[in-house]
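Q: What follows is a predicted structure for the sequence shown.
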Amino acid sequence: MPLRFGMVLSLAIVALTLVACDNGSETVRVTDRYTLDMLGAGVSLTEERCDSTRMGQLLYVGDSSSIYYCTGKAWKKVNGKDGKDGRDGKDGEDGVDGKRGEYGISGTECFIEKFTEGFVLGCGATKAVVRYNFELPDTCSIKLVADSSYVLTCGDESVTLIQGPQGAQGASCVQTDIGEGRVKLVCGNDSVTTYKAQCGETPFDPDGSQFCYGDTLVERCNMHIYDIQKQFCYSDSLVDLCGGSSYDLKHQFCYSDSVVNRCKGKIFDLALNFCHNDTLLLPLCGGERYDYDFYRCVNEENIPRCPKELGEKEFCDERNGMVYRYTIIGEQTWMAQNLDYKVADSYCESRDHDNDYSCGETGRYYPWHTAMARSVMECGYGHECPDVVHPYQGICPDGWHLPSVDEWETLIQIVGVDTRGYWDKSVGLYNGHTHGEDEFGFSAIPAGILWYTNHDGEITISSSYRTEQRLSVQFWTSDEFDAENVYLFYVFADGTHYNQIKKIYYRKSDFARSVRCVKD
């Protein structure tokens, strides 16, 4: 970078001295609008801009000891012509005795070139650009008043120019890097410390390990600079930000501008999978994630898991996580609640809840073919159910089965026919509104039955057949009477059949009933 020096010419009839500049010396300003610049050795003139903003400026080129001025389009050399050698008094027009020829005061040795707002004056080795802020007269004259002084007169204004002595050659300068982005420049006996570069208020080395972003110093990434609003450095590699944030590529990944934790170190598609406890990669269930500790996904539906701890006389149906009470009567173990396991062709008391996880206290209602876990074409009305071997699991959980007629009759032999022994203690009975005794813990409730129609295998539930007086509950067995009828047990609570539990057979069609299971 060239060293800048100023030089001012006062036009209020103030003498101007052009001084040959020693390295580091003070210089005189020419005008407030003008500076004289000096280029050091080895700097090309073409590197200096010359346009309307620098029109009229002077430029001293050290290599050639020449002065140029800017015309607004190009630099023009303004060095005055050397006076002819007048040692013998023959060549200098005014150097009669040869003593004054060295100043080159011949009329051809001084010149004036006019340009916008000023003119160029050259006399011998002295050159100057004069810029006026007023109208330049059409005629000017130059007069030598001393061996090295000239008076320039233009109209009523005059300026005296004095050629100073040749300055001593300046000493060479040495630049030393002192670290932390600073350098020390020593020129002869003078020295100055400066920054290589500055970021905000902080010095730094632009060739070092940092770069400046705005007013902030940032560590380079493997010596590369980058846009910190778009990228970040990870293990010496540049990575795009994720939604404006950086992240740990070893443990995270970017998904739709969101940072997501890897699952056991793996990247996955959040539209298809989710990670449970950062260790188990699972498919979504019905398009949703779920708590794997408490639910399973079955047919795209969240099914509760069995709890880790169960109460006394409880068991859990692993198929849907439903917990049931059970009771031991004689050598049999019976469910103490109605089965509540949702399958096709199974229903709640209210049709609005058929798709619910649980039907509540009444449990679910099943047509007989559904209780047998068969299709209506296999075991429905008019079809003798094939391959029935006791104990027959049917719709019951693993380890349990649909009770046969014999198992129901064994139960009756122990509990008796008095239905108060079967009803839950909360159940009010018709006869004087007494309640069940439930001595054996069978805990029956008057769930009633559901009436349905079957048209070519299409089941349509019509309405509940359950009475307001809670008069009965009916349970399926696994035994057919014939292709059209099946055995069931009917627990009554009405006036006509009060205190009776009866075995009857009835059409396989028309009604959906409750199921109790017996342990294998």
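A: It's in.
Q: can we go C-alpha only for contacts and neighbour counts from here?
A: Noted.
Q: so where does Cys359 fall, helix or strand?
A: Using DSSP states H and E, Cys359 falls within no helix or strand.
Q: Next, the contact list for it, please.
A: Asp340, Cys348, Glu349, His353 (CA atoms under 8 Å, 6 or more residues apart in numbering).
Q: From Ser346, how far off is it?
A: 10 Å (CA to CA, to the nearest Å).
Q: Check Asp356 too.
A: 11 Å.
Q: for Cys306, same thing?
A: 22 Å.
Q: Likewise for Phe253?
A: From Phe253 over to Ser346 (counting by CA to CA), the distance is 45 Å.
Q: Same question for His435.
A: Noted for His435: a distance of 30 Å to Ser346, by CA to CA.
Q: Tyr247 now?
A: From Tyr247 to Ser346 the distance is 51 Å (CA to CA).
Q: longest helix anywhere in this protein?
A: As assigned by DSSP state H, the longest helix anywhere in the chain is helix 405-415.
Q: What helices and strands are in contact with that helix?
A: Counting contacts by 3 or more CA pairs under 8 Å, 6 or more residues apart in numbering; DSSP states H and E, helix 405-415 packs against strand 472-480, strand 485-492.
Q: run the last query once more with 6 Å
A: The helices and strands touching helix 405-415, judged by 3 or more CA pairs under 6 Å, 6 or more residues apart in numbering; DSSP states H and E, number zero.
Q: could you check the angle strand 485-492 makes with that helix?
A: Going by axes from the mean of the first three to the mean of the last three CA atoms, to 10 degrees, helix 405-415 is angled at 20 degrees with respect to strand 485-492.
Q: Let's see helix 405-415 as CSV, backbone CA atoms only.
A: The C-alpha trace of helix 405-415 is given here as CSV (Å, rounded to 0.1, in the frame of the first residue of the first chain):
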residue,chain,number,x,y,z
VAL,A,405,-72.4,-78.1,29.6
ASP,A,406,-70.7,-80.5,32.0
GLU,A,407,-68.6,-77.8,33.5
TRP,A,408,-71.6,-75.6,34.1
GLU,A,409,-73.5,-78.5,35.7
THR,A,410,-70.4,-79.1,38.0
LEU,A,411,-70.6,-75.4,39.0
ILE,A,412,-74.3,-75.7,39.8
GLN,A,413,-73.7,-78.8,42.0
ILE,A,414,-71.4,-76.7,44.2
VAL,A,415,-73.1,-73.3,44.2
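Q: So what touches that helix?
A: Applying CA atoms under 6 Å, 6 or more residues apart in numbering, helix 405-415 has no contact partners.
Q: ok, now stretch 429-444?
A: Thr327, Ala336, Arg420, Gly421, Tyr422, Trp423, Asp424, Lys425, Val427, Gly428, Ala493, Asp494.
Q: how about the helices of this protein, start to end?
A: Using DSSP H, helices in the chain cover 368-371, 376-379, 405-415.
Q: Worst mean pLDDT among the ones you listed?
A: Mean pLDDT is lowest for helix 376-379 out of the helices of the chain, coming in at a mean of 91.
Q: contacts for that helix?
A: So helix 376-379 is in contact with His369, Cys385, going by CA under 6 Å, 6+ apart.
Q: Show me what counts as buried in that helix.
A: Val376, Cys379 (16 or more other CA atoms under 10 Å).
Q: And for stretch 54-71?
A: 54-61, 66-71.
Q: Same check on stretch 475-487?
A: Phe475, Trp476, Thr477, Ser478, Asp479, Glu480, Asp482, Glu484, Asn485, Val486, Tyr487.
Q: for stretch 345-354, same thing?
A: Neighbour count says stretch 345-354 has Asp345, Ser346, Tyr347, Cys348, Glu349, Asp354 buried, by 16+ other CA under 10 Å.
Q: Show me the shaky parts of the stretch 51-200 of the chain.
A: Flagging of the stretch 51-200 of the chain using pLDDT under 70 yields the residue ranges 56, 62-65, 78-140, 146-150, 154-155, 161-171, 180-181.
Q: average model confidence for stretch 425-443?
A: Per-residue scores along stretch 425-443 average to 82.
Q: Kindly check the end-to-end length of that stretch for me.
A: End-to-end for stretch 425-443, by CA to CA: 7 Å.
Q: swap in stretch 363-374?
A: 20 Å.
Q: Any chance you could list what contacts that stretch?
A: Under CA under 6 Å, 6+ apart, the answer for stretch 363-374 is 338-340, 346-348, 376, 379-380, 394-395, 512-514.
Q: Of those residues, which belong to strands?
A: Among the contacts of stretch 363-374, the members found in strands (DSSP state E) are Ala512.
Q: out of the contacts of stretch 363-374, who's nearest Glu201?
A: Nearest to Glu201 out of the contacts of stretch 363-374 is Asp340 (CA to CA; 75.5 Å).
Q: re the thing from before, make JSON lines out of the buried residues of stretch 475-487 and add pLDDT.
A: Below are these laid out as JSON lines (pLDDT from 0 to 100):
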{"residue": "Phe475", "pLDDT": "96"}
{"residue": "Trp476", "pLDDT": "97"}
{"residue": "Thr477", "pLDDT": "97"}
{"residue": "Ser478", "pLDDT": "96"}
{"residue": "Asp479", "pLDDT": "96"}
{"residue": "Glu480", "pLDDT": "95"}
{"residue": "Asp482", "pLDDT": "95"}
{"residue": "Glu484", "pLDDT": "94"}
{"residue": "Asn485", "pLDDT": "95"}
{"residue": "Val486", "pLDDT": "96"}
{"residue": "Tyr487", "pLDDT": "96"}
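Q: I'd like the residues you listed laid out as TSV, including distance to Asp236.
A: Shown next, in TSV, are those (distance: CA to CA, whole Å):
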residue	distance to Asp236
Phe475	74
Trp476	73
Thr477	74
Ser478	73
Asp479	76
Glu480	78
Asp482	82
Glu484	80
Asn485	80
Val486	78
Tyr487	79
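Q: that older thread, would you list the contacts of stretch 363-374 in TSV and tack on distance to Cys199?
A: Listed next are the contacts of stretch 363-374 as TSV, based on distance: CA to CA, whole Å:
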residue	distance to Cys199
Asn338	79
Leu339	77
Asp340	74
Ser346	76
Tyr347	76
Cys348	75
Val376	84
Cys379	87
Gly380	88
Gly394	81
Ile395	78
Ala512	84
Arg513	84
Ser514	82
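Q: ok, the contacts of stretch 363-374 vs Val260, which is closest?
A: Asp340 (39.7 Å).
Q: per-residue pLDDT, the closest residue to that closest one other than its chain neighbours?
A: Leaving out its chain neighbours, the residue that sits closest to Asp340 by CA to CA, 6 or more residues apart in numbering is Gly363, at 4.5 Å. pLDDT, Gly363: 93.
Q: nearest to Glu331, of the contacts of stretch 363-374?
A: Glu331 has its nearest neighbour among these in Asn338, at 20.1 Å by CA to CA.
Q: Surely that closest one is in contact with Arg516?
A: Yes. Asn338 lies in contact with Arg516 (CA atoms under 6 Å); the separation is 5.4 Å.
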